[in-house]
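Visitor: show me the folded form of this:
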Amino acid sequence: MVREPMRLEEEPALVDRAKSDPEAFGELYERYCQRIYAFAYARLDTWAEAEDVTSEVFLKALRGIPAYRREQPFRAWLYRIAANVVADRYRRRGPTAPLEDAPDSAIESADIAETIMQRARMRSVWAAVDELPRQQRMAITLRFSADLSNSTIAGVMGKSTPAIKQLIHRGVYALRAKLAVGR
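Guide: Okay, the predicted model is just below:
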């Protein structure tokens with residue numbers, strides 16, 4: 001059965017229903033599961049951890065939905081939970097991951113050495129992101145891992161869009177300076 005995509009204006013009613021109806025929460029899960037998974041995978045770089053994080057995000061959302069308020073869009077609230085879970089996970093595991101966690105498609109690549117170098121560069125970039133101040137780190141992560149717009153990030157972080165632009169600008173500038181020193 002193919003469902004029609006939900007219009008944005010229908011979401012608040014669905015969220016209100018999801019506070020007491022598990023099927024309504026299931027619809028929210030179906031709508032956002034892949035997006036949250038992609039966000040987690042881009043940040044953590046292992047499918048197993050991304051699946052764990054996605055499960056944890058939706059479990060926290062299910063437990064927290066009775067207290068959810070419409071001051072921010074549901075999507076922003078969900079990404080805030082995801083960003084926090086990813087940050088907790090990343091702190092626990094550290095900035096590097098064993099090569100065995102690389103996806104099979106990377107190992108099957110024609111140029112394994114290039115894949116390894118690219119992964120090492122990405123790990124060093126994300127390690128540098130982790131050293132940024134908390135607000136910059138979150139803005140950078142949501143912008144470049146989840147590919148969220150500045151206005152959506154503003155909703156997630158409870159800030160204005162110009163403030164988000166400034167956080168991202170300062171974060172990128174700090175990353176350029178930090179990564180240039182390592183060259």
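Visitor: C-alpha only now, for contacts and for neighbours.
Guide: Noted.
Visitor: quick one: residues contacting residue 33.
Guide: By CA atoms under 8 Å, 6 or more residues apart in numbering, the residues touching residue 33 are residue 54.
Visitor: which parts of the helix or strand containing it are buried?
Guide: Per DSSP states H and E: residue 33 is located in helix 22-44. Residues of helix 22-44 classed as buried: 24-25, 28-29, 32-33, 35-44 (neighbour count, 16 or more other CA atoms under 10 Å).
Visitor: ok, stretch 163-183 next?
Guide: Neighbour-count burial for stretch 163-183 [16+ other CA under 10 Å]: 164, 165, 167, 168, 171, 172, 174, 175.
Visitor: check stretch 133-141 too.
Guide: Buried residues in stretch 133-141, counted by 16+ other CA under 10 Å: 136, 137, 138, 139, 140, 141.
Visitor: swap in stretch 117-136?
Guide: 119, 123, 124, 125, 126, 128, 129, 130, 132, 136.
Visitor: the residues you listed in helices, which ones?
Guide: Per DSSP state H, helices hold the following members of those: 119, 123, 124, 125, 126, 128, 129, 130, 136.
Visitor: quick check, nearest of those to residue 84?
Guide: Among these, residue 130 lies closest to residue 84 (CA to CA), at 12.7 Å.
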